[in-house]
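In: return a 3D structure for these sequence lines:
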Amino acid sequence: MAQETKVTISGPAGTLDARWTATEQTRLGLLMCHPHPLFQGTMDNKVVTTVTRTAVAMGLPSLRFNFRGVGASEGQHDHGAGEQDDVLAALNYARDTLGWERVILAGFSFGAGMACLSACRAPEALAALVLLAPAVHHFDAPNQLPYEFDTFVYMGDADEVVPFDEVTHWAETVVPVPHFQIFRDCGHFFHGRLTDLKASLQDDLAPVLVHEGLR
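Out: Below is the predicted model:
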């Protein structure tokens, strides 16, 4: 497995602490956003690292970062407003500094919300959007997603943090309809199901790699 490198990203509230894993190609990479900072969410969350490691195993460079005010990242928590700008700063870093041509943007819980809203602001940069247990009850989930890329939603039907019914309703009514996978008897943190999550990611991202000319 390729080694991660510590990098810093110039963000709107100060520098953001980040970890980058390089691969041989930079045409397509994966950027991952972590869960809620006020509930111990960091870029070291196991769901976050499972997603980035899966990407690297598929030959994709990965980038994960701490939102403002988390770990060594500067600034203060901004209740989801400034955090969207953090995502866009990381996205710009991936493209301008790391040289990625296209980005798979992913997020878990709060991070999924930030990824979703940020994707609507920069659709031209994205090859896919991956939302794991998106906290639709905590952010203004859009009624319409960009048509430039496919969106994948993963949700456990035993989620004890994010209301399953609310995510299901959003996934069934937002336009265009995302790919929606339900993990049976699975809680919010995918305990005991990370291997299943990895397999699902590999299956869903493989066609994206084909479309981007990497397979």
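
In: now do the contacts for the residue nearest the centre of the chain.
Out: By CA atoms, centre = their mean, the mean C-alpha position of the chain lies nearest to residue 106, the distance being 1.7 Å. Contacts here follow CB atoms under 8 Å, 6 or more residues apart in numbering; on that basis residue 106 touches 30-33, 51, 112, 115, 129-132. C-beta: built from backbone N, CA, C; applies to glycine.

In: relative to residue 32, how far out is it?
Out: 5 Å (CB to CB, to the nearest Å).

In: what does residue 195 give?
Out: When residue 195 is compared with residue 32 (using CB to CB), they lie 18 Å apart.

In: next, count neighbours for residue 212.
Out: The tally of other residues near residue 212 (other CB atoms under 10 Å) stands at 17.

In: report how many residues lie close to the nearest residue to it once chain neighbours are set aside.
Out: Among residues not flanking residue 212 along the chain, residue 28 sits closest, at 4.8 Å (CB to CB, 6 or more residues apart in numbering). Residue 28: 25 surrounding residues under other CB under 10 Å.

In: quick check: bridge partners of residue 28?
Out: residue 102 (DSSP bridges).

In: compare residue 195 and residue 32 (neighbour count), which wins?
Out: Set residue 195 next to residue 32 and count neighbours by other CB under 10 Å: residue 32 wins out with 28 against 10.

In: pull the number of nearby residues for residue 137.
Out: Residue 137: 13 neighbours (other CB under 10 Å).

In: let me redo that: residue 26
Out: 16.

In: angles on the backbone of it, please.
Out: phi -130, psi 10 (degrees, to the nearest 10).

In: follow-up on the earlier one: pull up the overlap in contacts between residue 106 and residue 32.
Out: Counting by CB under 8 Å, 6+ apart, the residues touching both residue 106 and residue 32 are residue 51.

In: pretty sure the residue nearest to residue 212 is touching residue 127, no?
Out: Yes. Taking contacts as CB atoms under 8 Å, residue 28 lies within contact range of residue 127: 5.8 Å.

In: shared neighbours of the two, anything?
Out: Contacts common to residue 28 and residue 127, judged by CB under 8 Å, 6+ apart, are 102-104, 208, 212.
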